[in-house]
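# coords below, sequence missing:
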C-alpha cells in the first residue's frame, strides 16, 4: 500500500499520508486508485469530520505522477486519459474539510491535491513549482487549480518558468497559496491542530460552509477544466520526446523566489 490512513477517534481527524518517500511521493496508478477510494470511504465514515493530507519522508509532499507510469492515450484530440484527475477529495464528492500539510517539494500533479484542499499549511522549507513546460507539456489542470488560489500573474509565472524557479513557502504565503508557514517539520502538527478545531464544531454547519465556499468559484472552474483535455492533447509533445527532455535535464539548476 502506498497510502497510509490513520484516524484519531477522539478528535475526529484523519491523517492521509502518501507513503512513497523513495519516489518523492510521486503517484502511480495504484496510488491514484487508493486516494480516490480513501476520499469516497470518508463520505460514509461519520467518525471522520476533518482530514489532513501530507507526504512521508519530509523531502516532498508529492511530485506529481510517477514518471515510470505508462498511460495509453486515445487518438482523438478531443479526449485524454488523465490518471490524476480523480485523486482529489472534491472529485470524489467529499465535502468534509481537507487541509494539506506540505513539507519539502510540491510540484506538478501535487496541485490536484492542493487545489482541492480547503487550505494549505507549509513548513518554511517547502517549495512549489510546476515542471510541465520544461518537458514540453501543457500545464492545464494544475494551472487552473492554482488560478483559484493565487493572483493571475503569479500562476502564469510559476506555470511558465517550469523547473527554472521554485516558489518558497514564504512567497506562497504572500500570494495566497499557503495560509500558514511553520518551522521546519511542523506543518503536519499545525494542520492536525487546525483540523481538530474544525472537527469539534457541528459537522453539518462545517460541511455546508465548505460547500458554500466552493460554490463561489465552481462555475468558472468547471468551464476552465472543460477546456483542459483539448489544450493538453494539442500542446503536449510526444511522450518519447518528453522523456528525452526529462533525462537531459536531470541536473539542471533552479532559483528560489
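Structure received. Bear in mind the structure is a predicted one, so any value in this text is a computation, not a measurement. Residues are numbered from 1 along each chain as shown.
# What are the buried residues along the longest helix anywhere in the chain?
Longest helix in the chain, counting residues (DSSP state H): helix 203-235. Within helix 203-235, the residues that count as buried by 16 or more other Cβ atoms under 10 Å are 203, 206, 210, 221, 224, 228, 229, 230, 231, 232, 233. In this view, the C-beta of every residue, glycine as well, is placed from N, C-alpha and C.
# Give the next helix or strand downstream of it.
helix 239-248 (DSSP states H and E).
# can you pull the buried residues of that following helix?
Buried, per 16+ other Cβ under 10 Å, within helix 239-248: residue 242.
# what mean pLDDT does that helix have?
Helix 239-248 carries an average pLDDT of 78.
# distance between it and the chain's centre?
Remark: helix 239-248 is offset 23 Å from the chain centroid, using Cα atoms, centre = their mean, to the nearest Å.
# show me the contacts for residue 142.
Shown in contact with residue 142 (Cβ atoms under 8 Å, 6 or more residues apart in numbering): 108, 109, 111, 112, 115, 130, 132, 159.
# Recalculate using a threshold of 7 Å.
Residue 142 is in contact with 108, 111, 130, 132, counting by Cβ atoms under 7 Å, 6 or more residues apart in numbering.
# are any of those buried, and which?
Neighbour-count burial (16+ other Cβ under 10 Å) applied to the contacts of residue 142 gives 108, 111, 130, 132.
# Of the residues you listed, which is the nearest to residue 79?
residue 132 (19.2 Å; Cβ to Cβ).
# mind listing what's buried in stretch 43-62?
Buried residues in stretch 43-62 (16+ other Cβ under 10 Å): 48-58, 60-62.
# tell me the contacts of the residue nearest in space to the middle of the chain?
Nearest residue to the geometric centre of the chain (Cα atoms, centre = their mean): residue 113, 2.6 Å. Contacts for residue 113 were tallied using Cβ under 7 Å, 6+ apart; they are 53, 62, 87, 88, 100.
# again, 8 Å this time
Residue 113 touches 35, 53, 62, 87, 88, 100, counting by Cβ under 8 Å, 6+ apart.
# quick one: the nearest residue to residue 134 once chain neighbours are set aside from residue 50, how far?
Among residues not flanking residue 134 along the chain, residue 162 sits closest, at 3.3 Å (Cβ to Cβ, 6 or more residues apart in numbering). Between residue 162 and residue 50 the computed distance is 34 Å (Cβ to Cβ, to the nearest Å).
# Tell me the one of the contacts of residue 113 nearest residue 181?
Nearest to residue 181, judged by Cβ to Cβ, of those is residue 100 at 13.3 Å.
# Does residue 145 touch residue 110 like I think?
No. Using Cβ atoms under 8 Å, residue 145 is not in contact with residue 110, being 10.1 Å away.
# which of those two has more neighbours?
Legend: neighbour count by other Cβ atoms under 10 Å for residue 145 and residue 110, higher for residue 110 (30 against 22).
# Without its sequence neighbours, what residue ends up closest to that one?
For residue 110, the closest residue by Cβ to Cβ, 6+ apart turns out to be residue 62, at 3.9 Å.
# do you know how far the residue nearest to the centre of the chain is from residue 39?
Noted for residue 113: a distance of 10 Å to residue 39, by Cβ to Cβ.
# Overlap in contacts, these two.
Joint contacts of residue 113 and residue 39 (Cβ under 8 Å, 6+ apart) are residue 88.
# and of the buried residues of stretch 43-62, the nearest to residue 188?
residue 54 (5.2 Å).
# Now do the closest one against residue 190, distance only.
11 Å.
# what residues do those two have in common as contacts?
Taking Cβ under 8 Å, 6+ apart as the criterion, residue 54 and residue 190 both touch residue 101.
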